[in-house]
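S.K.: missing the sequence, but the structure's below:
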């Protein structure tokens, strides 16, 4: 949080330490990731009461708004090849995973269930997506909830066409056929897997689960 108005801003600092360099002029801005070439940052910005996906040059410059749909858009993450940004959006009435080209074009729904899906993270080889799932009755992404980590295959399904097809309906049908499995059921939520979490070799995923500590009863000395 900034010292000026106590709202989140994005800074860059050398890995070895040094003076932070402010990147976003507007607040609040919530960082989610780098483009694979290290030239662009993807973040969520609240502007005039709307939460949308933005990008901005890592060297500084003007922010670019990529989403304009009504409802919250959150959790942007680039694919390893830099062609797509995956994100979550409630534009359909509840939270689902979506994706778009890195320039914001071709916005396309990825998950279609009744649950609320958040924070997509794409494996290094681009074949898998792990994401956080809340019950359909949970609003937002609060802490201290029973949640699931789920894994979705992004490999081509029998109904799908080549990945670069221009037929958006065909691509959507392919995603609806994709296999989704439950990796873990846990007690968590906010902070469980908000940001990129795959190991570089694509064999493991890091996440946070919670355990509530019972309140102690104060005793008189």
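M.R.: Yep, that arrived. Not measured: the values here are computed from a predicted model. Numbers count the residues shown, from 1 in each chain.

S.K.: what is the least confident helix or strand in the chain?
M.R.: Within the chain, confidence by mean pLDDT, DSSP states H and E is lowest for helix 168-176 among all helices and strands, at a mean of 62.

S.K.: downstream of it, the next helix or strand is which one?
M.R.: For helix 168-176, the following helix or strand on the C-terminal side (DSSP states H and E) is strand 180-188.

S.K.: what lies in contact with that next one?
M.R.: Applying C-beta atoms under 8 Å, 6 or more residues apart in numbering, the contact partners of strand 180-188 are 111, 113, 130, 143-153, 192, 205, 207-212. Every residue, glycine included, has its C-beta placed from N, CA and C.

S.K.: and that strand, how far out from the chain middle?
M.R.: For strand 180-188, the distance between its averaged C-alpha position and the chain's averaged C-alpha position is 17 Å (C-alpha atoms, centre = their mean, to the nearest Å).

S.K.: partners of that strand, with directions?
M.R.: Using DSSP bridges, the strands paired with strand 180-188 in its sheet are strand 145-153 (antiparallel).

S.K.: wait, what's in contact with the residue nearest to the spatial centre of the chain?
M.R.: Most central in the chain under C-alpha atoms, centre = their mean is residue 75, positioned 2.5 Å from the mean C-alpha point. Shown in contact with residue 75 (C-beta under 8 Å, 6+ apart): 32, 44, 86-88, 118-120, 194.

S.K.: now these as JSON lines including pLDDT?
M.R.: Supplementary listing: the contacts of residue 75 in JSON lines, determined by pLDDT from 0 to 100:
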{"residue": "32", "pLDDT": "95"}
{"residue": "44", "pLDDT": "98"}
{"residue": "86", "pLDDT": "98"}
{"residue": "87", "pLDDT": "98"}
{"residue": "88", "pLDDT": "98"}
{"residue": "118", "pLDDT": "98"}
{"residue": "119", "pLDDT": "98"}
{"residue": "120", "pLDDT": "98"}
{"residue": "194", "pLDDT": "94"}
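
S.K.: circling back: buried subset of the contacts of strand 180-188?
M.R.: Taking 16 or more other C-beta atoms under 10 Å as the criterion, what is buried in the contacts of strand 180-188 is 111, 130, 145, 147-152, 192, 205, 207, 210.

S.K.: for residue 123, see how far away residue 73 is.
M.R.: As defined by C-beta to C-beta, to the nearest Å, residue 73 lies at a distance of 22 Å from residue 123.

S.K.: mind listing the strands for this protein?
M.R.: For the chain, the strands defined by DSSP state E occupy 11-12, 21-22, 29-34, 40-47, 50-57, 64-65, 73-78, 84-89, 96-101, 108-109, 116-122, 128-134, 145-153, 180-188.

S.K.: right, I'll call it a day here.
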